[in-house]
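[1] Need a 3D model of the sequence below.
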Amino acid sequence: MDDRKKIEQEVIDSLEYAQSIIDTVRDPLIVLDGDLRVISASKSFYKVFKVTAQDTEKQLIYSLGNGQWDIPKLRELLEKIIPNNASFDDYLVEHDFQNIGRRVMMLNARRIPRPPEKMRIILLAIENVTASKLVEQLHNKIKKLAIFTEESTGRELKVAELKENLKNLESEIMIIRSQL
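    I've put the predicted structure just below:
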């Protein structure tokens, strides 16, 4: 019995250790089983998405938030990880999330190596890149505006030059008329 209790305590300690690491990371993390059900999530996941562990754990990732994670390309990527020992990085998701509004998220996922007899698990990391995408969009708008302003200024200078040329031509015409 003592060996069993010792092993159980080691398992509990290992789980607490792993969860404390996950909770330390600032970006939201989700741990999924081989069926893509949520085993656990980081504190930052619950905070960012304004959900609870009760609403999240043991749920298929696709059913979280009334199906807001049921994105065909994400489904395709996640379903390849376990059978193909695959991973993916920098998958961009733009979505209107139920509790937090429109967000742009960068997703990375990979299978966690474990012995064959152990449950297969996937770690999904989520980075909110909404602000940087907005800055990028604003930067592009500013560049377009600068080009337009430069073109407009160039046109204004051309118009002024044409007006000056027209004025000179009118003067020349007046001189020629006076000589006739």
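
[2] List the buried residues for the worst-scoring helix or strand of the chain on mean pLDDT?
    Least confident helix or strand, the chain: helix 2-24 with a mean of 74, by mean pLDDT, DSSP states H and E. By neighbour count with 16 or more other CB atoms under 10 Å, helix 2-24 contains the buried residues Ile22. Placement of C-beta: from N, CA and C, glycine included.

[3] In three-state terms, label the spatially most central residue of the chain for me.
    Nearest to the mean C-alpha position of the chain, counting by CA atoms, centre = their mean, stands Met105 at 2.0 Å. Judged by DSSP: H, G, I helix; E, B strand; the rest coil, the three-state class of Met105 is strand.

[4] Let me see the contact set for the closest residue to it other than its chain neighbours.
    Spatial nearest neighbour of Met105, chain neighbours left out: Val93 (4.6 Å); criterion: CB to CB, 6 or more residues apart in numbering. Neighbouring residues of Val93 by CB atoms under 8 Å, 6 or more residues apart in numbering: Ile71, Leu74, Val104, Met105, Met106, Leu107.

[5] wait, the fourth one sits on His95?
    Yes: with contact defined as CB atoms under 8 Å, Met105 and His95 form a contacting pair (7.4 Å).

[6] Quick one: list the elements packing against the helix or strand that contains Ser132.
    According to DSSP states H and E, Ser132 maps onto helix 130-179. The elements that helix 130-179 packs onto, with contact taken as 3 or more CB pairs under 8 Å, 6 or more residues apart in numbering; DSSP states H and E, are strand 101-112.

[7] how much does the strand it packs on deviate in direction from helix 130-179?
    130 degrees (axes from the mean of the first three to the mean of the last three CA atoms, to 10 degrees).

[8] neighbouring strands for the helix or strand that strand 101-112 is followed by, and are they parallel or not?
    Towards the C-terminus, the helix or strand next in line after strand 101-112, according to DSSP H and E, is strand 121-128. With DSSP bridges as the test, strand 121-128 is paired with strand 29-33 (antiparallel), strand 101-112 (antiparallel).

[9] Glu16 is nearest to which of the ones you listed?
    strand 29-33 (13.9 Å; CB to CB).

[10] which residue packs closest to Asp27, ignoring adjacent ones?
    Of all residues not flanking Asp27 in the chain, Glu127 sits nearest, at 5.0 Å (CB to CB, 6+ apart).
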